[in-house]
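Enquirer: here you go, sequence then predicted model.
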2 protein chains.
Amino acid sequence: MIFTNSIRSFVGIMTKRQLLLLSSSRVHGHEYLEFAQDDICDLLNLNKVSTILFIPYALKDHDAYVKTVEKPFKKWGFEVIGIHTTNPLEAVNKAEAIFIGGGNTFRLLKTLYDLNLVKAIRKRVTEQGIPYIGASAGTNVATVSINTTNDMPIVYPPSFKALELVPFNINPHYVDPDLNSTHKGETREERIMQYHEEDESYTVLGLREGSLLSVEGNVAILKGVTGARLFVKDKEPEEFKVGSNLSHLLKGN
Amino acid sequence: MIFTNSIRSFVGIMTKRQLLLLSSSRVHGHEYLEFAQDDICDLLNLNKVSTILFIPYALKDHDAYVKTVEKPFKKWGFEVIGIHTTNPLEAVNKAEAIFIGGGNTFRLLKTLYDLNLVKAIRKRVTEQGIPYIGASAGTNVATVSINTTNDMPIVYPPSFKALELVPFNINPHYVDPDLNSTHKGETREERIMQYHEEDESYTVLGLREGSLLSVEGNVAILKGVTGARLFVKDKEPEEFKVGSNLSHLLKGN
């Protein structure tokens, strides 16, 4: 009975999440965050958000990063607070919405752990339902683990486990193999396949730049202007077009 | 006095190292390891090596990997033993020469730690002077740390610290920015610059595919068919052509 209750409670909690997981903030031919403007504004307006808590830890210069992010958000009618200008834990606990931007995923996750923010963010998003927007590194840390980031491991975080807002992993900036390349480094697909050779590995959604995953409770829809490639262990990779319903991924491996 | 002695002892030890650190094993237009054939054969013959201990942990299928590696080495007159077919620690301790091949750097380093091989390899190479050949991931682990690998963090090693056969880091498969690209992920140079924003970071030698660093004691020469780009913290990146003397890097940061 306890088991049943805990499952009910888990499903109950997760039905509150409202996520927009962007492959990247910058897309060729668009201004910063522009390709996702409608989805971002709809989510924030629906939740009557006026101020967004911005987490700039993936880049070194936090103040400069806030300025970049303020530009579109102010234009769309939202205030932005940089978490580094305040008490981080308190800021998370009273945030109306959270946006975590791109940069280096290792640096970002390490800082979230160093400042004890991992559980606090998870709780606010999954139990209390505040909107979460992630781009690139901010999308990586929203998943089970950062095992499928493209970033250089410039610092050593205490774990690769991340916020676990969804029960699978994402590879942001997913790129298809360049058939004309003479470079011998692994393709992105080969790297993800290597990940799936490991015992502890999860399904990976390869989000091309210009795509984003919208998650509302237990419903996940692929949005944006490009598609995604799904890597399920021991299966052939599968293509998904914009508009695809990917809710089955929310059930986990 | 202890300090002085320990420095003397360190320099004394390091004069024994004989390393060939290849950017990659595969280079466009060449067979496996072919571009480095002369350097590899010279090093092994000079040391009267007949059997090479091959460490295939960077790839999942060790037996298949040994077959790939045996092909050129047998042709050049050397036997290859896969470390996985024997007692790994004993094999290291009696190896005439060690070759660590490419694949996933995280998986490789984790396995070296799991099997207690890090100190043993370091001792054999730096104190006892057996030849060490590394390619790609095998070059990454020969440096101070794997902080500048390009690989996906598919497993979590107990540390990013590596064999420390040289006092700097290498970025293998170094690629110049593609000026025609519309992709918004960071360029390799940008990633290395992000590494240098961190307090604990070392000089990084960006080895293009087709280049290798030969280290004999305290002399380092850039060899192969392409060049390298050097990243020293707080300085402009610097280009080095094949044949350049890079011995100053062996003095550390």
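Expert: That came through fine. Numbering: from 1, shown residues only, chains lettered A, B, ... in the order given.
Enquirer: ok, the residue most central in space within chain A to A:L212 distance?
Expert: Residue closest to the mean C-alpha point of chain A, counted by CA atoms, centre = their mean, is A:T139 at 1.6 Å. Distance of A:T139 to A:L212, computed by CB to CB, to the nearest Å: 8 Å. Placement of C-beta: from N, CA and C, glycine included.
Enquirer: anything in contact with each of those two?
Expert: A:21-23 (CB atoms under 8 Å, 6 or more residues apart in numbering or on different chains).
Enquirer: let's have those residues in JSON lines, adding secondary structure.
Expert: JSON lines is the format used below for the shared contacts of A:T139 and A:L212 (DSSP: H, G, I helix; E, B strand; the rest coil):
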{"residue": "A:L21", "secondary structure": "strand"}
{"residue": "A:L22", "secondary structure": "strand"}
{"residue": "A:S23", "secondary structure": "coil"}
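Enquirer: of those, which is the nearest to chain B?
Expert: A:S23 (9.2 Å; CB to the nearest CB).
Enquirer: nearest residue to that closest one in space, ignoring adjacent ones along the chain?
Expert: A:L207 (3.7 Å; CB to CB, 6 or more residues apart in numbering or on different chains).
Enquirer: quick one: residues contacting the one you found.
Expert: A:21-23, A:139, A:170-174, A:213, A:228.
Enquirer: tell me which element it is part of?
Expert: Using DSSP states H and E, A:L207 sits in strand A:204-208.
Enquirer: what is the subsequent helix or strand relative to that strand?
Expert: Later in the chain than strand A:204-208, the nearest helix or strand by DSSP H and E is strand A:211-216.
Enquirer: burial measure for the closest residue to chain B within the stretch 151-253 of chain A, as a count.
Expert: For the stretch 151-253 of chain A, the residue positioned closest to chain B under CB to the nearest CB is A:T182, at a distance of 3.7 Å. Counted with other CB atoms under 10 Å in any protein chain shown, the neighbours of A:T182 add up to 9.
Enquirer: that one: what's it in contact with?
Expert: By CB under 8 Å, 6+ apart, A:T182 lies in contact with B:28-29.
Enquirer: doesn't it fall inside a helix?
Expert: No: under three-state DSSP, A:T182 falls outside any helix and is assigned coil.
Enquirer: from B:E209, how far out is it?
Expert: Distance of A:T182 to B:E209, given as CB to CB: 8 Å.
Enquirer: cool, A:G29 as well?
Expert: 31 Å.
Enquirer: the residue nearest to A:F99 when sequence neighbours are not counted: which element?
Expert: Counting by CB to CB, 6+ apart, the nearest residue to A:F99 once its immediate chain neighbours are dropped is A:I133, at 4.4 Å. For A:I133, the host element (DSSP H and E) is strand A:132-135.
Enquirer: and that strand, average pLDDT?
Expert: What strand A:132-135 shows for mean pLDDT is 98.
Enquirer: and the next helix or strand past it?
Expert: Next element after strand A:132-135 (DSSP H and E): helix A:137-140.
Enquirer: so is that next one next to chain B?
Expert: No: using CB under 8 Å from any CB of the partner chain, helix A:137-140 never reaches chain B; the gap is at least 10.4 Å.
Enquirer: kindly report the same for stretch A:69-81.
Expert: No: using CB under 8 Å from any CB, stretch A:69-81 stays clear of chain B, with a minimum separation of 15.6 Å.
Enquirer: what residues are bridge-paired with the residue nearest to A:F99?
Expert: Beta-bridge partners for A:I133, by DSSP bridges, are A:L20, A:F99.
Enquirer: tell me how many other residues crowd it.
Expert: Each residue near A:I133 was counted by other CB under 10 Å, and the total is 27.
Enquirer: ok, A:I154 next?
Expert: Using other CB under 10 Å, A:I154 has 24 other residues around it.
Enquirer: same check, this time on A:D114
Expert: For A:D114, the neighbour count with other CB under 10 Å is 13.
Enquirer: in terms of neighbours, single out the busier of A:G29 and B:E209.
Expert: Using other CB under 10 Å as the criterion, A:G29 and B:E209 rank with B:E209 on top: 25 against 9.
Enquirer: before we move on, the earlier item: now the common contact residues for A:T182 and B:E209.
Expert: Jointly contacting A:T182 and B:E209 under the rule CB under 8 Å, 6+ apart are B:H28.
Enquirer: what residues does the stretch 1-150 of chain A have near chain B?
Expert: The stretch 1-150 of chain A has residues A:24, A:26-29, A:60, A:103-104, A:106-107, A:146-150 near chain B, with proximity defined as CB under 8 Å from any CB.
Enquirer: quick check on these: which are buried?
Expert: Buried by 16 or more other CB atoms under 10 Å in any protein chain shown: A:24, A:26-27, A:103-104, A:106-107, A:146-150, out of the residues of the stretch 1-150 of chain A next to chain B.
Enquirer: which residue does the stretch 1-150 of chain A bring closest to chain B?
Expert: Distances between the stretch 1-150 of chain A and chain B by CB to the nearest CB are smallest at A:H28, namely 3.8 Å.
Enquirer: quick one, strands of the stretch 151-253 of chain A?
Expert: Secondary structure of the stretch 151-253 of chain A (DSSP state E, counting those that start in this stretch): strands at A:169-174, A:204-208, A:211-216, A:219-224, A:228-231, A:238-240.
Enquirer: can you give me the angle the third one makes with strand A:219-224?
Expert: It refers to strand A:211-216. 150 degrees (axes from the mean of the first three to the mean of the last three CA atoms, to 10 degrees).
Enquirer: list the contacts of strand A:211-216.
Expert: By CB under 8 Å, 6+ apart, strand A:211-216 touches A:17-23, A:36, A:39, A:43, A:165-166, A:170, A:205, A:207, A:220-228, A:242, A:246, A:250.
Enquirer: what lines up beside that strand in the sheet?
Expert: Paired neighbours of strand A:211-216 in the sheet (DSSP bridges): strand A:18-22 (antiparallel), strand A:219-224 (antiparallel).
Enquirer: can you give me the buried ones in it?
Expert: For strand A:211-216, a neighbour-count test (16+ other CB under 10 Å) marks A:211-216 as buried.
Enquirer: which one of these is nearest to B:F160?
Expert: A:L213 (30.1 Å; CB to CB).
Enquirer: beta partners of the closest one?
Expert: On the basis of DSSP bridges, A:L213 is bridged to A:L21, A:L222.
Enquirer: could you check how far it is from B:M152?
Expert: Here A:L213 is placed at a distance of 20 Å from B:M152 (CB to CB).
Enquirer: what of A:P72?
Expert: 30 Å.
Enquirer: so for the two, which residue has more residues nearby?
Expert: Shown here are A:P72 and B:M152; by other CB under 10 Å, B:M152 has more neighbours (26 against 19).
Enquirer: the more buried one and A:M193 touch, don't they?
Expert: No: look at B:M152 against A:M193 with CB atoms under 8 Å: they stay out of range, at 10.1 Å.
Enquirer: now stretch A:90-102: how far from the chain's centre is it?
Expert: In terms of CA atoms, centre = their mean, to the nearest Å, the centre of stretch A:90-102 is set 13 Å apart from its chain centre.
Enquirer: first-to-last residue distance for it?
Expert: Stretch A:90-102 has its terminal residues 23 Å apart, counting by CA to CA, to the nearest Å.
Enquirer: A:E186 contacts A:Y195, correct?
Expert: No: between A:E186 and A:Y195 there is no contact under CB under 8 Å: 11.0 Å.
Enquirer: which one's more surrounded, those two?
Expert: Between A:E186 and A:Y195, counting by other CB under 10 Å, A:Y195 is the more crowded of the two (26 against 20).
Enquirer: hang on, isn't the more buried one packed against A:T148?
Expert: Yes: using CB under 8 Å, A:Y195 is in contact with A:T148, at 5.9 Å.
Enquirer: joint contacts of those two?
Expert: Residues touching both A:Y195 and A:T148 (CB under 8 Å, 6+ apart): A:204, B:152, B:154.
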